[in-house]
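> structure for the following, please:
(one chain, ligands or ions: 1)
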Amino acid sequence: MVNILVIYSTTDGHTRKICLRLKQVIEQHGHQVKLVSINETPDVDLQLFDKIVIGASIRYGKHRPQVYEFIERNQELLETRPNAFFSVNIVARKPEKNRPETNPYVIKFLKKIAWKPGELAVFAGKIDYPKYSFWERNIIRFIMWMTKGPTGPESVVEYTDWAEVEVFGRRVSEM
Ligand SMILES: Cc1cc2nc3c(=O)[nH]c(=O)nc-3n(C[C@H](O)[C@H](O)[C@H](O)COP(=O)(O)O)c2cc1C
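As a prediction, the model looks like this:
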């Protein structure tokens with residue numbers, strides 16, 4: 001049994017939901033998982049964990065600055081143990097952009113950091129118009145209109161492939 005730290009960067013909670021599924025899968029493999037928000041990481045002793053996973057969603061084309069800051073601050077420690085990263089974004093709903101090698105945000109992310117995650121994944125996120133502010137809803141509806149996604153203002157669509165999340169959970173358990 002090993003201790004695994006899963007860190008999430010989320011705005012609307014979907015990345016956390018993916019992390020909760022990962023936690024279930026990893027625990028079924030007999031390991032222990034602690035889930036923390038990236039904002040809580042200054043209070044966590046990273047040394048206590050055998051493996052570290054970071055999951056972060058995209059907002060307006062970017063992973064949050066805290067994700068880069070955390071990686072820069074802790075790269076040396078990350079490299080001393082098995083580690084993984086996954087991105088959550090809506091572009092990954094497209095089959096031609098749903099792998100780390102083909103998803104533009106993962107490609108850009110890897111170019112920007114010196115850390116090379118041991119395991120990588122990308123998951124399609126969720127559209128939840130009723131949850132967004134007026135401006136966010138209309139900006140995202142416009143982007144969806146341009147990219148042939150849902151535009152109905154009441155639409156709530158979860159694009160995440162949960163079977164893929166489970167496969168990643170097994171990879172993390174075994175890495
Ligand atoms: C304001 C806003 C901006 C977004 N910008 C992007 C974007 O630029 N590219 C993309 O692929 N997805 C974008 N998304 C989709 C999110 O990545 C997706 O909804 C994801 O599930 C959010 O995860 P979270 O709830 O963990 O933050 C955006 C969503 C919102 C609400």
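
> which SSE is Tyr8 in?
For Tyr8, the host element (DSSP states H and E) is strand 3-9.

> quick one: whichever helix or strand comes after that strand near the ligand?
For strand 3-9, the following helix or strand on the C-terminal side (DSSP H and E) is helix 14-28. Yes. Helix 14-28 is in contact with the ligand by Cβ under 6 Å from any ligand atom, via 14-15. Bear in mind the C-beta positions are built from the backbone N, C-alpha and C, glycine included.

> keeping just the C-alphas, turn helix 14-28 into CSV.
What follows is helix 14-28, C-alpha atoms only, in CSV (Å, rounded to 0.1, in the frame of the first residue of the first chain):
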residue,chain,number,x,y,z
HIS,A,14,-15.5,19.1,-12.5
THR,A,15,-11.8,18.4,-12.1
ARG,A,16,-12.5,17.6,-8.4
LYS,A,17,-15.2,15.2,-9.5
ILE,A,18,-12.7,13.4,-11.8
CYS,A,19,-10.3,13.2,-8.9
LEU,A,20,-12.9,11.6,-6.7
ARG,A,21,-13.4,8.9,-9.3
LEU,A,22,-9.6,8.4,-9.5
LYS,A,23,-9.5,8.2,-5.7
GLN,A,24,-12.2,5.4,-5.8
VAL,A,25,-10.3,3.4,-8.5
ILE,A,26,-6.9,3.8,-6.8
GLU,A,27,-8.3,2.8,-3.4
GLN,A,28,-9.8,-0.3,-5.0
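
> quick one: list the elements packing against it.
Packing partners of helix 14-28 (3 or more Cβ pairs under 8 Å, 6 or more residues apart in numbering; DSSP states H and E): strand 3-9, strand 32-37, strand 51-57, strand 83-89, helix 162-174.

> will you turn those into TSV that also has distance to Pro130 and mean neighbour count?
Formatted as TSV, the helices and strands packed on helix 14-28 follow (distance: least, Cβ to Cβ, whole Å; neighbours: other Cβ atoms under 10 Å):
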stretch	distance to Pro130	mean neighbour count
strand 3-9	23	23
strand 32-37	24	16
strand 51-57	18	26
strand 83-89	19	25
helix 162-174	22	17
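
> want to throw these into CSV with distance to Leu20 and mean pLDDT?
Output for the helices and strands packed on helix 14-28, formatted as CSV (distance: least, Cβ to Cβ, whole Å; pLDDT from 0 to 100):
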stretch, distance to Leu20, mean pLDDT
strand 3-9, 9, 98
strand 32-37, 7, 98
strand 51-57, 11, 98
strand 83-89, 13, 98
helix 162-174, 10, 97
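
> and the gap between Ile58 and the ligand?
4 Å (Cβ to the nearest ligand atom, to the nearest Å).
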